[in-house]
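Participant: coordinates only, sequence not included:
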């Protein structure tokens, strides 16, 4: 007997109309909050400026290099470097270039997410608007975290976009309904291996998902495809590892060695002990519904977990989310962890699981597919979500109007561009790098040394900048030489000593070195009001101008401000 259709065609039209409207409303919320953050200029992260320095050196010297003299593997995400590259060329300053790079990553994420959702939905075209509306709403409810990440200048959204694309391709080729060519499967395997250049930790997805399919899939052809996929991924990773070793002198990014080798001082590592847990809570709070999809999925298929299952692909995705989360939670020192950014690689996997759950719910009520009950229910869900998001949209619109009318100078700064000298006039930056403006105006032969390298590396791009944390210096990062030896051999003219609060051992090792004390005049933080001591090499041409600046600062320390153009790995007013 045919189900009663009633006015179902009209309900279907209004359901899809409201669903698409809700999706655009949610994206509008994210866009407006992001614009407000950018217009205030408060959320560009110090580490993001490193992409600009590498891009400029790539243009100037034809190599991926920190100092322009030899290749260096200081960027965890080489892929994001090539996203930022064109913006460095065409936009007026570093601030605009890195913002454009992270926004581009977000736009790529939206496109890749649409592809992922559309691929999972497959033939269920009627449910596609609902899936997109729900996922867009979830992202909009996490707008506080998401807008911070989008405007940070970091590589987070580029990495998330890559994962959405990769998972979408996996869903397509691991579908039991079609037999795909061996060349396409190999291509997707190569794409999985490219996780190495996006972020090496994303290889957890590339390895675990096909491995789980080999062990758990109930389809022999899919198991065979997964073996080819895993082999292609492994070969690609080995190729990248060899190429990186030959080009950079190291198979892994230098931040890996710096963190695992405790070049981050043990005291600093101890201070960050509970940061991963707190940031995970932030991620849970921001994207609650997405995180609920993980346990709900395993509950839904609990009876199939101990045998081969048609849901092996999604089991692999779920286990990858769990493994990646555990890795960042227990094994990573989360420096610059703001807005839960380390857990963003979990989002594409969670989106895939949530989409599957919606589709399975749709399949369960398929006998009512043409009935008004189904469409009426969907319409009700969309109306409820709209009621939740509408106040957020109104609030975001008010903030945007305020930013445009009362903060036009800051908006002009972003949209029209300005000279990078404006960064130097902020007291927040002065607190971290006293007299940096003086050093900037000295000849390009003047070199700096610091642990917080982002802003100095861009403002002083013609100047050598020694990264004392070892994140961009191969010799320090690989432990070939000590930080003290590196400073003395480089004859760094101005040294912003590591903070005694964050790097006590490193700070002490420099000050107790007789040759360092002999060669440098040290201006203690207690007299300058800065966060750390500053040392100037006595025989340097910077000794007189920087020394005079430091003496002036010592007589009248500048006030310490809050955040302005950058976000640092610590609070300036602690």
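Facilitator: Nice, thanks for sending it over. Since the structure is predicted, the reported quantities are computational estimates derived from the model, not experimental observations. Numbering: from 1, shown residues only.

Participant: which residues does residue 71 contact?
Facilitator: 63-65, 247-249 (CB atoms under 8 Å, 6 or more residues apart in numbering). All C-beta spots, glycine's among them, are computed from the backbone N, C-alpha and C.

Participant: restricted to helices, list these.
Facilitator: Among these, the residues falling in helices (DSSP state H) are 247-248.

Participant: rebuild the contacts of residue 71 as JSON lines, extending it with pLDDT, neighbour count and distance to residue 101.
Facilitator: Converted to JSON lines, those look like this (pLDDT from 0 to 100; neighbours: other CB atoms under 10 Å; distance: CB to CB, whole Å):
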{"residue": "63", "pLDDT": "94", "neighbour count": "14", "distance to residue 101": "20"}
{"residue": "64", "pLDDT": "95", "neighbour count": "19", "distance to residue 101": "16"}
{"residue": "65", "pLDDT": "93", "neighbour count": "21", "distance to residue 101": "19"}
{"residue": "247", "pLDDT": "95", "neighbour count": "12", "distance to residue 101": "23"}
{"residue": "248", "pLDDT": "94", "neighbour count": "20", "distance to residue 101": "22"}
{"residue": "249", "pLDDT": "91", "neighbour count": "15", "distance to residue 101": "27"}
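
Participant: residue 255: which of the contacts of residue 71 is nearest?
Facilitator: Using CB to CB, residue 248 is the member of the contacts of residue 71 that lies nearest residue 255, at 12.7 Å.

Participant: with adjacent residues omitted, what lies nearest to the closest one?
Facilitator: residue 73 (3.9 Å; CB to CB, 6 or more residues apart in numbering).

Participant: which element is that neighbour on?
Facilitator: Assigned by DSSP states H and E, residue 73 belongs to no helix or strand.

Participant: so how far is residue 255 from it?
Facilitator: Using CB to CB, to the nearest Å, one obtains 9 Å as the distance from residue 73 to residue 255.

Participant: looking at these two now, which is surrounded by more residues?
Facilitator: residue 73 (26 against 22; other CB atoms under 10 Å).

Participant: buried set for the host helix or strand of residue 190?
Facilitator: Assessed by DSSP H and E, residue 190 sits inside helix 182-193. Counting neighbours by 16 or more other CB atoms under 10 Å, one finds that the buried residues in helix 182-193 are 185-193.

Participant: equivalent analysis for stretch 106-125, please.
Facilitator: Buried residues in stretch 106-125 (16+ other CB under 10 Å): 106, 108-110, 112-121, 124.

Participant: and that stretch, average pLDDT?
Facilitator: The pLDDT scores in stretch 106-125 average 94.

Participant: can you check stretch 351-370 too?
Facilitator: 84.

Participant: next one: the spatially closest residue to residue 237 that is not a sequence neighbour from residue 18, what distance?
Facilitator: Once flanking residues are discounted, residue 237 sits nearest to residue 193: 4.7 Å by CB to CB, 6+ apart. Counting by CB to CB, the separation of residue 193 from residue 18 is 42 Å.

Participant: what of residue 384?
Facilitator: Note on residue 384: its distance to residue 18, by CB to CB, is 11 Å.

Participant: name the residue in the two with the higher neighbour count.
Facilitator: Taking other CB under 10 Å, residue 384 and residue 18 do not tie; residue 18 has more neighbours (21 against 12).

Participant: the more buried one sits in which helix or strand?
Facilitator: Going by DSSP H and E, residue 18 is in helix 8-40.

Participant: quick check: phi and psi on the residue nearest to residue 48 when sequence neighbours are not counted?
Facilitator: Leaving aside its sequence neighbours, residue 48 sits nearest to residue 153 (CB to CB, 6+ apart; 3.1 Å). Per-residue torsions, residue 153: phi 90, psi 0 (degrees, to the nearest 10).

Participant: packing partners for the host helix or strand of residue 50?
Facilitator: Residue 50 belongs to helix 49-61 when assigned by DSSP H and E. Packing contacts for helix 49-61, counted by 3 or more CB pairs under 8 Å, 6 or more residues apart in numbering; DSSP states H and E, involve helix 78-90, helix 94-121, helix 454-459.

Participant: including distance to residue 274, could those go into JSON lines?
Facilitator: Shown next, in JSON lines, are those (distance: least, CB to CB, whole Å):
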{"stretch": "helix 78-90", "distance to residue 274": "28"}
{"stretch": "helix 94-121", "distance to residue 274": "27"}
{"stretch": "helix 454-459", "distance to residue 274": "25"}
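
Participant: can I get the contacts of residue 71 in JSON lines with distance to residue 212?
Facilitator: As requested, those are exported to JSON lines (distance: CB to CB, whole Å):
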{"residue": "63", "distance to residue 212": "39"}
{"residue": "64", "distance to residue 212": "34"}
{"residue": "65", "distance to residue 212": "39"}
{"residue": "247", "distance to residue 212": "33"}
{"residue": "248", "distance to residue 212": "32"}
{"residue": "249", "distance to residue 212": "35"}
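
Participant: which one of the contacts of residue 71 is nearest to residue 33?
Facilitator: Closest to residue 33, out of all of the contacts of residue 71 and judged by CB to CB, is residue 64, at 33.8 Å.

Participant: what sits against that closest one?
Facilitator: Applying CB under 8 Å, 6+ apart to residue 64 gives the contacts 54, 57-58, 71-73, 75, 78, 81, 247-248.

Participant: columns distance to residue 44 on top of those, output as a markdown table?
Facilitator: Shown next, in a markdown table, are the contacts of residue 64 (distance: CB to CB, whole Å):
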| residue | distance to residue 44 |
| --- | --- |
| 54 | 16 |
| 57 | 20 |
| 58 | 21 |
| 71 | 26 |
| 72 | 23 |
| 73 | 24 |
| 75 | 17 |
| 78 | 21 |
| 81 | 17 |
| 247 | 29 |
| 248 | 27 |
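
Participant: tell me the one among these nearest to residue 473.
Facilitator: Nearest member of the contacts of residue 64 to residue 473, counting by CB to CB, is residue 72, at 7.1 Å.

Participant: hang on, that closest one packs against residue 472?
Facilitator: Yes: look at residue 72 against residue 472 with CB atoms under 8 Å: they come within range, at 5.8 Å.

Participant: anything in contact with each of the two?
Facilitator: 66, 254.
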